[in-house]
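Peer 1: Below is the sequence, then the predicted model.
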Amino acid sequence: MSYTQRHSITVTTAADGSATAYSPVVSGKISQIIYTKTDFATGVDFTITFEATGETLWTESNVDASTVRAPRQSTHSNLGVAALYAAAGSAVLDKISIANDRIKIVIASGGATKTGTFSIILE
């Protein structure tokens, strides 16, 4: 039986406006990443990756307000070529799976001792 999980990580910056935080070890398909602004500085930058592989889930600069992203990745055939929606069409995207890894959140330009929360929604 599968169920939806939510893991919320509150991140607090150091005096230089930077921070690194981690989710607990998780498994599943990432449905959404929700950023809830508390008082990070205007124009905060963040990069969200898998800890073990460094695979990028979401990177964005100059974020000013709470927002939601639904990261997806390109899919491939069993021959290793990109799956497309018709010949020479758009890439087929799917949810990103994570297996027994942590999600790493790196903040830059967040302001001195400011906070924000990232909620990871897994299926």
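Peer 2: Great, that's in hand.

Peer 1: C-alpha only now, for contacts and for neighbours.
Peer 2: OK.

Peer 1: Let me know the pLDDT of the residue lying farthest from the centre of the chain.
Peer 2: The centre of the chain is farthest from one residue, residue 87, which by CA atoms, centre = their mean lies 30.6 Å away. Here the pLDDT value assigned to residue 87 is 72.

Peer 1: which SSE is it in?
Peer 2: Of the helices and strands defined by DSSP states H and E, none includes residue 87.

Peer 1: same check, this time on residue 96
Peer 2: Counting by DSSP H and E, residue 96 is found in strand 93-101.

Peer 1: can you give me how far that strand is from the chain middle?
Peer 2: Counting by CA atoms, centre = their mean, to the nearest Å, strand 93-101 is centred 11 Å from the centre of its parent chain.

Peer 1: Next SSE downstream of it?
Peer 2: strand 103-108.

Peer 1: can I get the CA coordinates of that following strand in CSV?
Peer 2: Backbone C-alpha positions of strand 103-108 (Å, rounded to 0.1, in the frame of the first residue of the first chain) are rendered in CSV as follows:
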residue,chain,number,x,y,z
ILE,A,103,17.3,15.8,-0.1
LYS,A,104,19.9,18.5,0.3
ILE,A,105,18.7,22.2,0.4
VAL,A,106,21.4,24.9,-0.1
ILE,A,107,20.5,28.5,0.5
ALA,A,108,22.5,31.6,-0.7
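
Peer 1: Parallel or antiparallel, list what pairs with the helix or strand following it.
Peer 2: Downstream of strand 103-108, the next assigned helix or strand under DSSP H and E is strand 115-122. In the sheet, strand 115-122 lines up against strand 5-12 (antiparallel), strand 26-37 (antiparallel) (DSSP bridges).

Peer 1: which SSE is the nearest residue to residue 55 once chain neighbours are set aside in?
Peer 2: Of all residues not flanking residue 55 in the chain, residue 49 sits nearest, at 5.3 Å (CA to CA, 6 or more residues apart in numbering). For residue 49, the host element (DSSP H and E) is strand 44-50.

Peer 1: Give me the helices and strands touching the helix or strand following that strand, please.
Peer 2: Next along the chain after strand 44-50, taking DSSP H and E as the criterion, comes strand 56-63. Judged by 3 or more CA pairs under 8 Å, 6 or more residues apart in numbering; DSSP states H and E, strand 56-63 is in contact with strand 44-50.
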